[in-house]
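In: I would like the atomic coordinates for the input below:
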Amino acid sequence: MPAVSKGDGMRGLAVFISDIRNCKSKEAEIKRINKELANIRSKFKGDKALDGYSKKKYVCKLLFIFLLGHDIDFGHMEAVNLLSSNRYTEKQIGYLFISVLVNSNSELIRLINNAIKNDLASRNPTFMGLALHCIANVGSREMAEAFAGEVPKILVAGDTMDSVKQSAALCLLRLYRTSPDLVPMGDWTSRVVHLLNDQHLGVVTAATSLITTLAQKNPEEFKTSVSLAVSRLSRIVTSASTDLQDYTYYFVPAPWLSVKLLRLLQCYPPPEDPAVRGRLTECLETILNKAQEPPKSKKVQHSNAKNAVLFEAISLIIHHDSEPNLLVRACNQLGQFLQHRETNLRYLALESMCTLASSEFSHEAVKTHIDTVINALKTERDVSVRQRAVDLLYAMCDRSNAQQIVAEMLSYLETADYSIREEIVLKVAILAEKYAVDYAWYVDTILNLIRIAGDYVSEEVWYRVIQIVINRDDVQGYAAKTVFEALQAPACHENLVKVGGYILGEFGNLIAGDPRSSPLVQFNLLHSKFHLCSVPTRALLLSTYIKFVNLFPEVKTTIQDVLRSDSQLKNADVELQQRAVEYLRLSTVASTDILATVLEEMPPFPERESSILAKLKKKKGPSTVTDLEDTKRERSVDVNGGPEPAPASTSAASTPSPSADLLGLGAAPAAPAGPPPSSGGGLLVDVFSDSASAVAPLAPGSEDNFARFVCKNNGVLFENQLLQIGLKSEFRQNLGRMFIFYGNKTSTQFLNFTPTLICPDDLQSRLNLQTKPVDPTVDGGAQVQQVVNIECVSDFTEAPVLNIQFRYGGTFQNVSVQLPITLNKFFQPTEMSSQDFFQRWKQLSNPQQEVQNIFKAKHPMDTEITKAKIIGFGSALLEEVDPNPANFVGAGIIHTKTTQIGCLLRLEPNLQAQMYRLTLRTSKETVSQRLCELLSQQF
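Out: Modelled structure (predicted):
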């Protein structure tokens, strides 16, 4: 900026500001301002032409008066006139006044635009900078219409000075954010990417901000920026603090640029070029290594800058979710921050670990910090940090630690802040249901939840516990006994009365044999709560009473007396009055058989998505495309390492409902959506009845993505510039359920959106797939979900193909990917002793039962990663079974509808030769071959 000469001091402005500050009252200030306004108005209207200095001074005074909160209705034209001055200080004040006071509807906007055009065309870098700043500050649609085509030309022009390039990049960013439809994409887009190689780091920083925003909407046009961003990032992270002196902040080289580059890379999947990918991995490893080095300064600015780069690098590692070593290292680094004295670092560490917990590779590493997180929940003073600790416990929960985590959450709930109690209640209810090994524990947990935080237990929670109790014969008697005991407390929450009334009305007969819980005792206990309850709960209790009439004829008279009382028959509430009249009449005139028919036990509920989970999603906000990777993913039992409990002894006849299985995996298949499969085309499910176009060949990279899902159940299956397909799946024995998320990454609707599952003829008889339809219109930035129910009839080798057809901007799009439904998904892990393992190993010694493969290692031979992959594959990892401790052995059972196939595996690594020998023995040759093929690809 040019130096201001002595004559530009504007003494009159300084005196005016001093007078305002010396005013003793508001009235005195207003009087002084009115006097000054009258003086300025007379000067502007006077016959004598004002010089540039006087105009500047008076415009400055008007600007100061406006900033004090007073309206200004004149002086705008004088400010516009200042724009034509050749003096920097006068032009600066003119632009400042316009940026603050002139709105986009002003009649002067055309004059202002002409002045800006003249300055942009002047090639004077100082004047160009002022003009660009004004465009960005106003940022109106009119400004975008006038200059959206001009600013990109200035940005990529070869003779533009660095300072002007910076201003042009940020100006264009502002225009794109306010009016994206007015910024034309053209030749400049390919040239702006090369600004990442500019020698001036200020230009690179501004350009990175612009490219990141543009790439989020148009990723395909800017994908060449990935290699350039990696190259620039590599140069920064490997440089010494003295190499970039002007951009080194407290010994951290260019921290803001590093953060921006890492954010740009998060707009794209991992680089496909091995060289670029390797260089990016080196950069991320270097950043993680630097985090372990002793600090070069004790000042907080140094640690803040260093940690900003570190956390952004961890975000990129999580986004890519493809490098197990980096994910585990990132988890360990965050674990160190959990006990840091800086509150902000503890908060960020907990937040990042929530996302890491959703990765198949780092979930086990996150679980090692459970004690630290529980301690933070108990001792942390900041409520926001405690809330993140709750989120992390929820994210890291699986079958192996569910009871511990639920117990800690319940303990914390008693003293939790009121603002987060409802969310904790929902999470406890979800975890208790999802990981209930013993449903008696589930009932105890929910009743305890109601006791501790009854006011925060929504209707969805107690509805759900009723559904589960009704759908599981094995827990009904225990639930009746438990709620009966809980209702004996002097003060019961109303939600407990609702649960107790419903369960005793259905299953009170299961505990009526005990004199302590005889029918009359049950009725008197419930009726003692009646007068304390709200109208809806009283209505429920009246329904319970009429159920008692059917279950316990001996209390019929007592209940009729209650129904006949004036407080019921003449109740002011019409609902209670109607129930009392109708129930009384029913109990009087109906025969025993009719009563038994009308008041029979509730049938099992049909299974559907948990209403509690739906409420939690709604509370957390609507899902977006990027939420797929960032939200809690439900891991299948194979991944979370615990053996699946055998279902309780419930006969199929007594519980025909699919909802005896909480996850819905035992559900009867949903009716196929759309027409039945055609015999000729091998089409299993066509979600819509429209005639489908030819199926596209598999998308590039589909086979690699397919292989990644052999040992994991959740993640992104496919992604291009328009569409993201994510999966979340769960399997139990021969049944499975897969949630497919289709995300529209653009701002334009997808029309005629038609996903279709295609199976080869041979696969149709071996694998039953049922789908539910999706909306044919997917809004811009929205995500839709499709559910696929899966049943393995017999062993198979091929995989179904998912074909997606839709129209985007009038263009027909056709994408096909392999759906990762593989035989190993139907594994049931089996624990065995060393003796049992080798005894069974010898039994499977026929040549056709064994398949062996010796192959070169394609990935680093890391013991922990190998263990995680074997567990993820589905078998149990048997420790201390093989005489050679370096070997890995596993056992499991493949479940199909027709048979069960035992499987033993042995993996022998040779670190020196960087090779593996994999041996699989099963009772069926085709199963051995397929499992060997699938597992060999993982190492």
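
In: going forward, measure contacts between C-alpha atoms and count neighbours the same way
Out: Will do.

In: could you export the host helix or strand of I854 as PDB, keeping only the C-alpha atoms?
Out: Counting by DSSP states H and E, the element that carries I854 is strand 850-856. Only the C-alpha atoms of strand 850-856 are listed here, as PDB (Å, rounded to 0.1, in the frame of the first residue of the first chain):
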ATOM      1  CA  GLU A 850      -7.800 -79.000   1.100                       C
ATOM      2  CA  VAL A 851      -6.800 -76.000  -1.000                       C
ATOM      3  CA  GLN A 852      -3.400 -74.400  -0.600                       C
ATOM      4  CA  ASN A 853      -2.000 -71.200  -2.100                       C
ATOM      5  CA  ILE A 854       1.500 -69.800  -1.900                       C
ATOM      6  CA  PHE A 855       1.700 -66.200  -2.900                       C
ATOM      7  CA  LYS A 856       3.800 -63.000  -2.700                       C
END
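
In: now the strands for the stretch 801-939 of the chain?
Out: 801-808, 811-818, 827-829, 850-856, 876-878, 888-895, 900-910, 915-922 (DSSP state E, counting those that start in this stretch).

In: any idea which of the ones you listed is most buried?
Out: Ranked by mean neighbour count, the strands of the stretch 801-939 of the chain are led by strand 827-829 with a mean of 26 (mean count of other CA atoms under 10 Å).

In: so how far is that one off the chain centroid?
Out: 29 Å (CA atoms, centre = their mean, to the nearest Å).

In: same question for stretch 564-584.
Out: On CA atoms, centre = their mean, the centre of stretch 564-584 falls 49 Å from that of its chain.

In: and if you look at stretch 812-830?
Out: Using CA atoms, centre = their mean, the offset of stretch 812-830 from its chain centre is 22 Å.

In: repeat that for stretch 458-478.
Out: 29 Å.

In: out of the strands of the stretch 801-939 of the chain, nearest to A512?
Out: strand 827-829 (40.1 Å; CA to CA).

In: same for the strand holding I854, what does it pack against?
Out: If contacts are counted by 3 or more CA pairs under 8 Å, 6 or more residues apart in numbering; DSSP states H and E, strand 850-856 sits against strand 915-922, helix 925-936.

In: got the angle between that strand and strand 915-922?
Out: Interaxial angle of strand 850-856 relative to strand 915-922 (axes from the mean of the first three to the mean of the last three CA atoms, to 10 degrees): 160 degrees.

In: number the residues from 110 up from this point.
Out: Okay, residue one is now 110; in that scheme the one you just asked about reads as strand 959-965.

In: what's the distance between strand 959-965 and the middle of its chain?
Out: 39 Å.

In: name the residues that touch that strand?
Out: Contact with strand 959-965 is made by 953, 1023-1031, 1034, 1037-1038, 1041, 1045, as judged by CA atoms under 8 Å, 6 or more residues apart in numbering.

In: so how far is stretch 536-547 off the chain centroid?
Out: 20 Å.

In: give me the mean pLDDT for that stretch.
Out: For stretch 536-547, the mean per-residue pLDDT is 85.

In: can you check stretch 224-233 too?
Out: 88.

In: how about stretch 169-181?
Out: The model assigns stretch 169-181 a mean pLDDT of 89.

In: and stretch 930-949, by the same measure?
Out: 84.

In: same check, this time on stretch 815-822
Out: 84.

In: residues making contact with it?
Out: By CA under 8 Å, 6+ apart, the residues outside stretch 815-822 that reach it are 469, 744-745, 748, 826, 836-839, 927-929, 931, 933-934, 978-983, 1043-1044, 1046-1047.

In: what's the first-to-last distance across that stretch?
Out: 11 Å (CA to CA, to the nearest Å).

In: distance between it and the chain's centre?
Out: For stretch 815-822, the separation from the chain centroid amounts to 20 Å (computed by CA atoms, centre = their mean).

In: repeat for stretch 563-576
Out: On CA atoms, centre = their mean, the centre of stretch 563-576 falls 25 Å from that of its chain.

In: make JSON lines out of the strands of the stretch 910-1048 of the chain and add distance to V664.
Out: Putting the strands of the stretch 910-1048 of the chain into JSON lines (distance: least, CA to CA, whole Å) gives the following:
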{"stretch": "strand 910-917", "distance to V664": "60"}
{"stretch": "strand 920-927", "distance to V664": "63"}
{"stretch": "strand 936-938", "distance to V664": "50"}
{"stretch": "strand 959-965", "distance to V664": "68"}
{"stretch": "strand 985-987", "distance to V664": "55"}
{"stretch": "strand 997-1004", "distance to V664": "50"}
{"stretch": "strand 1009-1019", "distance to V664": "52"}
{"stretch": "strand 1024-1031", "distance to V664": "62"}
